[in-house]
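Engineer: missing the sequence, but the structure's below:
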Ligand code: SF4
Ligand code: SF4
């Protein structure tokens, strides 16, 4: 499967990937409304980590052995055997946060608006995820694992 790989040498911590991720997942996909509102479904699913001069943007690795899915008590996280994507089913989630603890990358977040979680879905319907497309410096690569 194709995964998003961060290239830390190119990341300049501009956080444009975070913003475009939020926009892609916002109901209106309107930048002004995104800034004005606090839609529960417009949380970012990619996170820029920065320490000193080093930065990189991290999102779900869609792990071959997804500890989040193994830990989920409700079957809300499952790995699609065809695509390799670790999908989230909001209808099944009970908001116990076990997956947040289980994920070794820290890329699942609580969604205060829904009482459930939010994670990267690789932007369904897009050939190239919004964050990858948005990065002005080529610091995110979509590549076959
Ligand atoms: S949420 Fe974490 S554990 Fe689950 S597939 Fe993504 S990176 Fe792996
Ligand atoms: S918070 Fe939701 S997705 Fe996460 S482990 Fe609990 S039920 Fe599963």
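Structural biologist: Structure's in. What do you need? Predicted, not measured: the structure shown is a model, and the values here were computed from it. Ligands and ions are numbered 1, 2, ... in the order given.
Engineer: Which helix or strand lies directly C-terminal to the lowest-mean-pLDDT helix or strand in the chain?
Structural biologist: Least confident helix or strand of the chain, by mean pLDDT, DSSP states H and E, is helix 31-36 with a mean of 83. Downstream of helix 31-36, the first helix or strand assigned by DSSP states H and E is strand 47-51.
Engineer: counting contacts, what elements does the longest helix seen in the chain pack onto?
Structural biologist: Across the chain, the longest stretch assigned as helix under DSSP state H is helix 16-24. When contacts are defined as 3 or more C-beta pairs under 8 Å, 6 or more residues apart in numbering; DSSP states H and E, helix 16-24 sits against helix 31-36, strand 47-51, helix 130-134. Where you see a C-beta, it was placed from the backbone N, CA and C, and this is true even at glycine.
Engineer: Now do that helix, average pLDDT.
Structural biologist: For helix 16-24, mean pLDDT rounds to 96.
Engineer: That one: how far from the chain's middle?
Structural biologist: 10 Å (C-alpha atoms, centre = their mean, to the nearest Å).
Engineer: Begin at 58, not 1, for the rest of this chat.
Structural biologist: Sure thing, new numbering starts at 58, so read that last one as helix 73-81.
Engineer: ok, residues contacting it?
Structural biologist: 86, 88, 91, 99-105, 114, 116, 177, 180, 183, 186-193, 197 (C-beta atoms under 8 Å, 6 or more residues apart in numbering).
Engineer: buried set for the least confident helix or strand of the chain?
Structural biologist: Using 16 or more other C-beta atoms under 10 Å as the test for burial, helix 88-93 gives residue 91.
Engineer: so what does that helix touch, helix or strand wise?
Structural biologist: Using 3+ C-beta pairs under 8 Å, 6+ apart, helix 88-93 sits against helix 73-81.
Engineer: redo that, cut-off 6 Å
Structural biologist: On a contact count with 3 or more C-beta pairs under 6 Å, 6 or more residues apart in numbering; DSSP states H and E, helix 88-93 meets no helix or strand.
Engineer: Point out the residues in the protein that sit beside ligand 1.
Structural biologist: Residues of the chain lying close to ligand 1 by C-beta under 6 Å from any ligand atom are 117-120, 123-125, 143, 160, 162, 164-165, 176.
Engineer: Perfect, that will be all.
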